[in-house]
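Peer 1: sequence below, structure please.
(chains A and B)
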Amino acid sequence: MFPTSFGPWLDYTINGLVIGNIYALLAVGLALIFGVSHLINFAHGSVYMVGAYIGWLGITKLNLPLPVTFAVVAVGCGLLGAVIERVGLRPLRNAPRIAPLLATIGLSVVLDQAAQLLFSPDPRALPTQLPNWRIAIGGGSIGALDLLIAGVGIGSAALLYGFLRFTRLGWAVRATALDRDAAQQCGVDVDKVNRTVFAIASALGGVSGLLVGMYYNTIDPNMGFQAGLKGIVAQLIGGVGNVPGAIAGSLLLGLIESYGIALFGTSYRNLFAFVALILILVLRPNGLFAKARRLPPEPLTGTFIAPSRPLVLPRWLIGVLIAAALALPFAVQQPYLLQTLGNAWLYALLALSLTLVAGTVGQVSLGHAGLLAIGAYASALLALDAGIPVLLAVPLAGVIAAALGTALVFPAFRLRGHYVSIATLAVGEIVTLVILNWESLTRGPIGVTGVPPLSVAGTPLVSGQWVYWIPLAVLLVFAGVQTRLLSSHLGRTLRAIREDDVAARSYGVDLNRYKGLAFAVAGFVAGVGGALMAHFYSYINHETFPAPVSMLALTMVILGGLGNVAGAVLGAVVLVGLPELFRAAAEYRMLIYGVVLLLLIRFRPQGLLGTV
Amino acid sequence: MTTASTTSTTTLTTPSASVAPLLSITGLVRRFGGLTAVNGLSLSVGDGELVSVIGPNGAGKTTLFNLIAGLDTPDSGSVAFAGQDVTGFAAERLAGLGLARTFQHGRVFGNLSVLDNVLVGAHTRLRAVRPRPPLGLPLLGPLAELGLALFRPAAVRAEEERLRAEALAIIALFGDRLTPRLDKPAHSLSYANRRRVEIARALALKPRLLLLDEPTAGMNPTETAEMLEIIRGLKGRGLTILLIEHKLDLVMQLSDRVVVMDHGARIAEGLPSAVATDPAVIEAYLGHKAVGAANQDDAAAVVPVKRGIGE
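Peer 2: Take a look at the predicted model:
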């Protein structure tokens, strides 16, 4: 566990620098993109994955020589980058800052799912054609691939430096990064600059994907998600938009991971990155290399609330809809249909929780599935290991999710805009990784089996009707509570924080207190939802509530209208209920979510029922 | 620094010297990198006084407001409010002490209705729904607030009703400008109406000191005259006001005292009529040439003033 001799440590150092070099290829691209467009590009990881697959096609199917493969990957991904700029960024130039970020999330879902459909979700081997020799130095060793990666890293950094320093277009890029409007006034074609930067960044990202595929000799359609996050973490360590900082941050992150794995084991690998991210965001939000006291960067503020007149459903209609929903099991007896709708009600709890946080308070959380996971594990383990009756375990799990969720996100309360989203994403990942690694409590990767069902007086409530009615009843109660909350002084106070946190503070609104309240309520609702899921599914593991569930939740609440209680329910029914009912579409479900998210952000940011 | 001593002598000669200052600022400094936005400024505002801060763009007026209102912290110097040292207090805490402000460019809550905007202004006055928790139980306060907001006992309902009636009365101060638009979201209002909403929101706090940052910016002469009457009315009711304003005739009509800032420092202070003819002020506003190279006496008179305030 603890290597004592010098040799292994040299190996870890080399390994860390190699991995850091790969992160740097990603982070430099992200930093360039942030520089000119103030966008954190979540689709970057997907470009990296596409690069790996283009490389796989070139090497294994077309038998291209390695240099040609690299060129094809760079060109292919460069083109993809230009497309991403055209679809994800340019139409949203005048939208709130968070809109293009959400669009890149949608694009990344679409790309990942398309790759899964084209190449199957299974990993594939990516053989390297490099000679298999290693140079031994001081107890460690360096292979040809290590040298290639270092060469590509240093070579592309040099090329980039030359481009930015000595070409007209490079000057235009730097001018745009300094002041977009001024550059435009001076005749710089800002669209062309953006396109170029996306193309360069994506070419680097694609090459990085190919190198990683060769390094580990395996690629899969989901490899981009984690890698993209790592690039973002590395970039934040160095300070957003800072290219040399991104390189330094990447090497640092690579070393942290390599040493961390040496000390604690492989399954902790991603934990270091995300803990490092949270620490950086909280302690040095401008990055390690930023000058001391500065005014907080402003360009990232602005919530994704499109001004709209929400559609107010008349009371009688709501009554009729509730009555119809409650009476449905009398008319429809197919267990599959009831189960599907029951599942939709459970997801509606998640949407209800997220719409309060992301809609009403404007804190766009990208890690909301973590709250489900906390609730599910808390309830399952309370029932199984502590012997607490399920009916008591479920609300207790809600309390635990409220307390733990709020405590975990609390350090991010001082952040704004994009940073909140990134921090919550990291918190969601941390929850999953802790569940995976805290084996004595959570049973680790095996998961929790035999979670007891809900039961009353010894009778388990597992039949079709109960699977439908129980989630519906809980949903109705929480929807009612949330509606009442929004009509109280808390409703206007929370929305004031979303609209203008500086003005809210100036009128005595303590941001931490009210963000904390909102996250606590949201945590309770999502925690109860997760607990119910655990008891209905009877088996949960660390992958039951993966990151895509958080994206799904976000799509649901944007579809319904941010902050809109009825909208959250509608979004869940449409996105969880309908695809299940059309079974043929099951395979394409995630792809549909991605496309829906993209279309909504572009054409109907206020959702179906309007933002509140 | 000689600033403090100069300040106190100047203050003593002003008419308000007999009134205990509600706000008193001493030697305030705020630097941004190489730029000193506020440079050793001292200032006091007595109870019931209306003091205006004027000065050319970039003189540091808004930075001064941000420092007073707790949105920024000074590099040195102190701010005392209502007999308490409040230097470095957070904005929300200062609001609780009775300090309300408006913003230079107007910061209404865009998607909130006019009425809700004004009601947020009354946030610090919520008592029934925000009970003070016993010491040592910091979590109890927010949870009690949540519970009371959901169950709404009679006291909470009555409080909400009272504040609502009061908000309507404040909105009525602006004639029929806002009253017909109570339920309209603030982003749908005209610029001038948004400024009015901001002032209404500030009044709902029942401030002891009101900071107005260019309340008539972007208003036409009719609207400016209307705003002048409203501010005069507020002053008549005994409200203490610190005003930043560019429209000098408004300043001259309303102010008890005028403080002129340039390059972060005070270059003149006194009665509106005295300040208006101060050569240092004219120079700051119109540039050196306007003072007239021919009139050497005036140009010479500028120098001691600058020395008195400078480094």
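
Peer 1: residue contacts, the closest residue to chain A within the stretch 151-300 of chain B?
Peer 2: Closest to chain A within the stretch 151-300 of chain B is residue B:187: 5.4 Å, counting by CB to the nearest CB. Where you see a C-beta, it was placed from the backbone N, CA and C, and this is true even at glycine. If you count contacts by CB atoms under 8 Å, 6 or more residues apart in numbering or on different chains, residue B:187 has them with A:307, B:108, B:110, B:111.

Peer 1: tell me the pLDDT at the third one?
Peer 2: Here the pLDDT value assigned to residue B:110 is 89.

Peer 1: tell me the secondary structure at residue B:27.
Peer 2: At residue B:27 the chain is in strand, as set by DSSP: H, G, I helix; E, B strand; the rest coil.

Peer 1: so where is the chain shaky, pLDDT-wise?
Peer 2: In the absence of a named chain, chain A is used. Along chain A, the parts satisfying pLDDT under 70 run over A:1-7, A:138-140, A:290-304, A:581-586.

Peer 1: the intended chain is chain B.
Peer 2: The model of chain B has pLDDT under 70 over residues B:1-20, B:135-136, B:288-311.

Peer 1: in it, which helix is the longest?
Peer 2: helix B:154-172 (DSSP state H).

Peer 1: which helices and strands does that helix pack with?
Peer 2: For helix B:154-172, the packing partners by 3 or more CB pairs under 8 Å, 6 or more residues apart in numbering or on different chains; DSSP states H and E come out as helix B:114-121, helix B:191-204.

Peer 1: most tightly surrounded among the ones you listed?
Peer 2: Of all these, helix B:114-121 carries the top mean neighbour count, a mean of 26, counting by mean count of other CB atoms under 10 Å in any protein chain shown.

Peer 1: can it be said to contact chain A?
Peer 2: Yes: counting by CB under 8 Å from any CB of the partner chain, chain A has neighbours in helix B:114-121: B:116, B:119, B:120, B:121.

Peer 1: residue A:59 contacts residue A:69, doesn't it?
Peer 2: Yes: shown here, residue A:59 and residue A:69 form a contact pair, counting by CB atoms under 8 Å, at 5.7 Å.

Peer 1: not counting sequence-adjacent ones, nearest residue to residue A:497?
Peer 2: Spatial nearest neighbour of residue A:497, chain neighbours left out: residue A:504 (4.9 Å); criterion: CB to CB, 6 or more residues apart in numbering or on different chains.

Peer 1: what is the burial count for that neighbour?
Peer 2: Using other CB atoms under 10 Å in any protein chain shown, residue A:504 is surrounded by 26 other residues.

Peer 1: give the contact list for it.
Peer 2: With CB under 8 Å, 6+ apart, residue A:504 has these contacts: A:493, A:496, A:497, A:511, B:109, B:120.

Peer 1: can you tell me, leaving aside adjacent residues, what's nearest to residue A:28?
Peer 2: With sequence-adjacent residues excluded and distances taken as CB to CB, 6+ apart, residue A:28 is closest to residue A:246, at 5.2 Å.

Peer 1: excluding its backbone neighbours, what's nearest residue A:406?
Peer 2: Closest residue in space to residue A:406, ignoring its immediate chain neighbours: residue A:519 at 4.5 Å, by CB to CB, 6+ apart.

Peer 1: can you tell me the helix or strand for that neighbour?
Peer 2: Assessed by DSSP states H and E, residue A:519 sits inside helix A:511-537.

Peer 1: in three-state terms, label residue A:309 for me.
Peer 2: At residue A:309, secondary structure determined by three-state DSSP is coil.

Peer 1: what's the burial count for the spatially closest residue to it that is not a sequence neighbour?
Peer 2: Closest residue to residue A:309 apart from its sequence neighbours, by CB to CB, 6+ apart: residue A:610 at 6.1 Å. Around residue A:610 there are 21 other residues, counting by other CB under 10 Å.

Peer 1: so which other helices or strands are in contact with the one helix or strand residue A:26 maps to?
Peer 2: Using DSSP H and E, residue A:26 sits within helix A:6-37. In terms of contacts (3+ CB pairs under 8 Å, 6+ apart), helix A:6-37 is packed against helix A:44-56, strand A:140-143, helix A:144-166, helix A:168-178, helix A:190-216, helix A:223-238, helix A:243-264.

Peer 1: what is the second one packed up against?
Peer 2: Packed against strand A:140-143 by the contact rule (3+ CB pairs under 8 Å, 6+ apart) you find helix A:6-37, strand A:134-137.

Peer 1: and the shortest one, what other elements does it pack with?
Peer 2: Applying 3+ CB pairs under 8 Å, 6+ apart, we find strand A:134-137 packed against strand A:140-143.

Peer 1: OK, contacts around the residue nearest to residue A:406?
Peer 2: Residue A:519 makes contact with A:357, A:363, A:402, A:405, A:406, A:409, according to CB under 8 Å, 6+ apart.
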